[in-house]
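Peer 1: please find the sequence and the predicted model below.
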Amino acid sequence: MNGGGADPAVTQLLQRTFALLDNDGNRFLTLRELNKFMLALQLQPGTPEEFASFCNEIGADADIGLTVDDFTTACK
């Protein structure tokens, strides 16, 4: 961290990761797209209920998906 702010290199890496995961290019990550990331990290994929709960916690719409800002904030 830099003076309380986010490390720009980490933010850029997360933004690039988001772009790679956004298979349809609509600028939102759906549960399906996010689960590919989870599997790549050898983590248990999320359920629709978990995704909805997570989206609710961060103020995202589970029906639309995560924005790049939602994703980078959640990953930090």
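Peer 2: Ah, there it is. Residues are numbered from 1 along each chain as shown.

Peer 1: quick one: low-confidence parts of the protein?
Peer 2: The chain contains residues with pLDDT under 70 at 1-6.

Peer 1: the helices in it, which residues?
Peer 2: For the chain, the helices defined by DSSP state H cover 8-21, 31-40, 48-58, 68-75.

Peer 1: what comes up buried for the third one?
Peer 2: With burial defined by 16 or more other C-beta atoms under 10 Å, the residues of helix 48-58 counted as buried are 51-52, 54-55. Any C-beta I mention is one placed from the backbone N, CA and C, and that applies to glycine too.

Peer 1: Throw those residues into TSV and include distance to residue 42, thanks.
Peer 2: Listed next are the buried residues of helix 48-58 as TSV, based on distance: C-beta to C-beta, whole Å:
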residue	distance to residue 42
51	19
52	24
54	19
55	23
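
Peer 1: quick check: residue 43 vs residue 50, distance?
Peer 2: 12 Å (C-beta to C-beta, to the nearest Å).
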